[in-house]
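1. Fold the stuff below for me.
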Amino acid sequence: MSSPKTTLLILGGAGAQNSAVAKVFSSTNTYSVRLLTRSLSSPHAAELALLPNITLIEGDCYDDDTLVSAFEGVDLVFINTNGFAVGEKNELYWGIRMYEIARWAGVKHFLYSGLPYVSKNGGFDPSRRVPFVDGKGKVAQYLAAMPITPMPWSVLATGPYAERLWEPMNAPVKEADGTFVFRLPLGETGAMPLVALDEIGLYAQWMFEHPKLSAGLHLGVAIAHISGSDIAAAFETVTGNKARKNWNSGLAGLRGSNIENGGGAFWALVADFRESAGNTGLWSRDYALLDEVMPGRIKTLEEWMRKVKYDGKPNPVLKTGLSLN
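-> As a prediction, the model looks like this:
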């Protein structure tokens, strides 16, 4: 007689990250995955409905009664709220509320998909505020003040998805001489801690299956800190096409972007990445720890490009947010 499967609830919709996480847990055949989504007919939801060990539940995850019902009989929960859709204030409130309901319901491990909080080092500079980042960062700060008993909590801090390189704004443009140009507003030395979507689920699985190590852990994940030159070089090596980066282009196209609280929030995020070269600044990562957690992880952008057969052709895979998150 087979053992009962561990029940995992995924909250925050059936977007790119949550879908990637659900696929990982579906494939193990040891988890029963429940995913709460507003629409059962969305492209990501329709794809997930065909997979084993996944049950889709239609409902609003930003609603108390829905959450109370969804948490019934749940062992583990993975939370990835959408600040672009609900705004910073709602993301902060519902991140905390989800924790409260999960703890009340007897959940065994609460895992929150977070991001840095740009003002955590003090100063609270309005010009550096990034609402769709800060909301998650503030929830992570709240969790840090909570005990790890009776319900352990963990934070899995992500970053810009490598898959964003398929977005029209980030895909390279082929010039008349055949050179592919990546237009990235990173400055000459800026770098982004790019994350492979399908590895987020693997890190989440490790955190759930090693609670003594992951309880109270804020784990920042990434492939590596990758500059515009790194992207062009990897593309050239993988495809054989000549490539270069235009380190200051793309900015004019971003002016006036319709994001929460105006385009200024995006400019602050770019400023963060321009200060992240050499694994420094707010978006630093402990790559030695990531190697211990996942020895077989993707460690270079070239490796990622080969795995996904990246060819530089625009192919949007994400439905909300801007090009770098």
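
2. and residue 86, what does it touch?
-> 62, 94 (CB atoms under 8 Å, 6 or more residues apart in numbering). C-beta: built from backbone N, CA, C; applies to glycine.

3. so where do the helices sit in the protein?
-> Ranges of helices in the chain, per DSSP state H, are 16-28, 43-48, 64-70, 83-105, 131-144, 197-209, 211-214, 228-239, 251-254, 264-274, 287-293, 301-308.

4. For the fourth one, buried residues please.
-> Neighbour-count burial for helix 83-105, with 16 or more other CB atoms under 10 Å as criterion, is recorded at 83-88, 90-95, 98-99, 101-103, 105.

5. What number of residues are in the vicinity of residue 80?
-> Residues lying near residue 80 (other CB atoms under 10 Å) number 22.

6. Just the pLDDT at it, thanks.
-> What the model reports for residue 80 is a pLDDT of 97.

7. can you give me phi and psi for the closest residue to residue 242 other than its chain neighbours?
-> Nearest non-adjacent residue to residue 242, counting by CB to CB, 6 or more residues apart in numbering: residue 179, 4.7 Å away. Main-chain torsions, residue 179, degrees, to the nearest 10: phi -80, psi 140.

8. Report the separation between residue 179 and residue 149.
-> For residue 179, the distance to residue 149 equals 57 Å [CB to CB, to the nearest Å].

9. before we move on, what about residue 75?
-> Look at residue 75 and residue 149: by CB to CB, they are 16 Å apart.

10. neighbour-wise, which of these two wins?
-> residue 75 (17 against 7).

11. List the contacts of residue 175.
-> residue 181.

12. again, only using 10 Å
-> 181, 242, 244 (CB atoms under 10 Å, 6 or more residues apart in numbering).

13. Equivalent analysis for residue 290, please.
-> Contacts of residue 290 (CB under 10 Å, 6+ apart): 199, 203, 219-224, 297, 299.

14. Put the buried members of the residues you listed into a PyMOL selection.
-> Of these, the buried ones go into a single PyMOL selection, burial set by 16+ other CB under 10 Å:
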select buried, resi 199+203+219+220+221+222+223+224+297
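
15. Make JSON lines out of the contacts of residue 290 and add pLDDT.
-> Putting these into JSON lines (pLDDT from 0 to 100) gives the following:
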{"residue": "199", "pLDDT": "98"}
{"residue": "203", "pLDDT": "98"}
{"residue": "219", "pLDDT": "97"}
{"residue": "220", "pLDDT": "96"}
{"residue": "221", "pLDDT": "98"}
{"residue": "222", "pLDDT": "97"}
{"residue": "223", "pLDDT": "98"}
{"residue": "224", "pLDDT": "97"}
{"residue": "297", "pLDDT": "98"}
{"residue": "299", "pLDDT": "98"}
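
16. Quick check: of the contacts of residue 290, which lies closest to residue 16?
-> Nearest to residue 16 among these: residue 199, at 13.1 Å, using CB to CB.

17. for stretch 282-297, how far is the first residue from the last?
-> End-to-end distance for stretch 282-297, by CA to CA, to the nearest Å: 22 Å.

18. which stretch in the helices of the chain is the model least sure about?
-> Least confident of the helices of the chain, judged by mean pLDDT, is helix 251-254 with a mean of 38.

19. circling back: wait, which of the helices of the chain is closest to residue 6?
-> The minimum distance between residue 6 and the helices of the chain falls on helix 197-209, with 8.0 Å, by CB to CB.
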